[in-house]
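no sequence for this one, just the structure:
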């Protein structure tokens, strides 16, 4: 497997009901992850260049769903399914992280 140019980590953390901390699962992270996978599958030119990984908690649960892109170490917060195509087009293909979706420096930066 070639080393990917971009590695995207999508938080899919779920916590049990009543847990004192929220989780990205409370904010539809599953559909965000599924959209990342759908977008990748429909962009065969990115196979081997972009790797998508579902992960446990990667940071501020209250700001999720969170998405972390390497090698830039750029974290997105509050990502919605409708944001994923734009992340692909502008960041993963165009190399321009989307500042309006950037995680607050209070949490990352």
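Done, it's in. Everything quoted here is computed from the prediction, not taken from an experiment.

Can you check the pLDDT for residue 19?
pLDDT, residue 19: 86.

if I look at it, how far off is residue 5?
36 Å (C-beta to C-beta, to the nearest Å). For the C-beta atoms, the positions are set from N, CA and C on the backbone; glycine is no exception.

Among the two, which residue is more densely surrounded?
More neighbours surround residue 5 than the other of residue 19 and residue 5, with 14 against 11 (other C-beta atoms under 10 Å).

The more buried one - nearest residue in space that isn't next to it in sequence?
residue 49 (4.7 Å; C-beta to C-beta, 6 or more residues apart in numbering).

who are the neighbours in contact with that neighbour?
4-6 (C-beta atoms under 8 Å, 6 or more residues apart in numbering).

isn't residue 29 right up against residue 22?
No: Residue 29 is beyond contact range of residue 22, at 11.1 Å (criterion: C-beta atoms under 8 Å).

which residues do the two both contact?
Between them, residue 29 and residue 22 share the contacting residues residue 64, judged by C-beta under 8 Å, 6+ apart.

Quick check on those two: which one has the bigger neighbour count.
A direct count of neighbours by other C-beta under 10 Å for residue 29 and residue 22 places residue 29 higher, at 23 against 15.

quick one: pLDDT of the more buried one?
Value listed for residue 29 in the pLDDT field: 96.

and the gap between it and residue 97?
Residue 29 is 20 Å from residue 97, by C-beta to C-beta.

Kindly report the same for residue 103.
With C-beta to C-beta as the criterion, residue 103 and residue 97 are 11 Å apart.

in the lengthiest helix in the chain, what's buried?
The longest helix of the chain (DSSP state H) is helix 29-41. Of the residues in helix 29-41, 29-30, 32-36, 39-40 count as buried by neighbour count, 16 or more other C-beta atoms under 10 Å.

ok, now which ones touch the residue of the chain most remote from its centre?
In the chain, the residue that sits farthest from the middle, by C-alpha atoms, centre = their mean, is residue 18; the gap is 25.3 Å. Shown in contact with residue 18 (C-beta under 8 Å, 6+ apart): no residues.

Thanks again, I'm all set now.
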